[in-house]
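Asker: kindly return the folded structure for what I paste below:
(chains A and B)
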Amino acid sequence: AQKVTQAQTEISVVEKEDVTLDCVYETRDTTYYLFWYKQPPSGELVFLIRRNSFDEQNEISGRYSWNFQKSTSSFNFTITASQVVDSAVYFCALNTGTASKLTFGTGTRLQVTL
Amino acid sequence: NAGVTQTPKFRILKIGQSMTLQCTQDMNHNYMYWYRQDPGMGLKLIYYSVGAGITDKGEVPNGYNVSRSTTEDFPLRLELAAPSQTSVYFCASSTQGRHEQFFGPGTRLTVL
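Answerer: Below you'll find the model as predicted:
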């Protein structure tokens, strides 16, 4: 069975601080994909990144970066110099199998204040 | 492209009523999904479809039904609504092989 754990329920930071959101996953499949989605207060789900199990290279996109480590089954997400607009719930998700079904973590609510 | 659209945005049902949540995508995606999101929780898969005429159960299918007669549409039917079905419902779609899912804006359903 697949499982995604986001142990941090809620994080509060002051603007310009760096923050890391943790994600630990479980799967027996050797081929899988990991995702991060953002859910702002307006409620929609915004895709941020996809990483496949064969590519452990870290990725940076502007103020966002992702650290994928198969050895610890983790796919952590760091926001550098956080901004108020980063306030949202962030979900980590795991995709295995041919039907592309996603297993979501319970999310981490990030609150960025001035 | 409108992407994935869902109607209605909000709905209040009485216990025992039925309704259909509509989902349409214009990206010619083969794969479509229905999720529910309960307060403070992640999304859970209700049903999914890998193409027109093919549907299968997800993690929490009880109390729901789906059909997929066209590539574009994937309606979710609630029969005999119960308070436990109060949730936000998201429809999503993806291309075969790409795995990235595109989500609709959601339908907030309250059953009283």
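
Asker: could you use CA atoms for every contact and neighbour count after this?
Answerer: Fine.

Asker: chain neighbours aside, what residue packs nearest to residue 1?
Answerer: Went with chain A since none was named. Excluding its sequence neighbours, the residue lying closest to A:A1 (Cα to Cα, 6 or more residues apart in numbering or on different chains) is A:T27, at 6.4 Å.

Asker: wrong one, chain B
Answerer: B:D26 (6.5 Å).

Asker: from B:G104, how far off is that neighbour?
Answerer: From B:D26 across to B:G104, the span is 12 Å (Cα to Cα, to the nearest Å).

Asker: what touches both of these two?
Answerer: The contact sets of B:D26 and B:G104 overlap at B:G3, B:V4 (Cα atoms under 8 Å, 6 or more residues apart in numbering or on different chains).

Asker: okay, these two: which has more neighbours?
Answerer: B:G104 (24 against 14; other Cα atoms under 10 Å in any protein chain shown).

Asker: where does the more buried one land on pLDDT?
Answerer: As predicted, B:G104 sits at a pLDDT of 96.

Asker: ok, the residue nearest to B:N1 - contacts?
Answerer: By Cα under 8 Å, 6+ apart, B:D26 lies in contact with B:N1, B:A2, B:G3, B:V4, B:E72.

Asker: cross those against strands and list the overlap.
Answerer: B:V4 (DSSP state E).

Asker: between the contacts of B:D26, which is nearest A:S61?
Answerer: Using Cα to Cα, B:G3 comes nearest to A:S61 of these, at 23.8 Å.

Asker: count of residues packed around A:K38?
Answerer: With other Cα under 10 Å as criterion, A:K38 counts 22.

Asker: so which helix or strand takes in it?
Answerer: With secondary structure defined by DSSP states H and E, A:K38 is part of strand A:32-39.

Asker: in ChimeraX, select just the buried ones from the contacts of B:D26.
Answerer: The buried residues among these can be selected in ChimeraX (16 or more other Cα atoms under 10 Å in any protein chain shown) with this line:
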select /B:4,72
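
Asker: for the chain, what spans make up the strands?
Answerer: Because you didn't say which chain, this covers chain A. Using DSSP E, strands in chain A cover A:3-5, A:10-14, A:19-21, A:24-26, A:32-39, A:46-52, A:59-61, A:64-69, A:74-79, A:88-96, A:101-104, A:108-113.

Asker: um, chain B though
Answerer: Counting by DSSP E, the strands of chain B are B:4-7, B:10-13, B:19-25, B:31-37, B:43-51, B:54-57, B:64-66, B:76-78, B:87-94, B:102-103, B:107-111.

Asker: which stretches of the chain have low pLDDT?
Answerer: If you meant another chain, say so; for now it's chain A. Scanning chain A for pLDDT under 70 picks out the ranges A:98.

Asker: oops, I was thinking of chain B
Answerer: Under the criterion pLDDT under 70, the flagged ranges of chain B are B:97-98.
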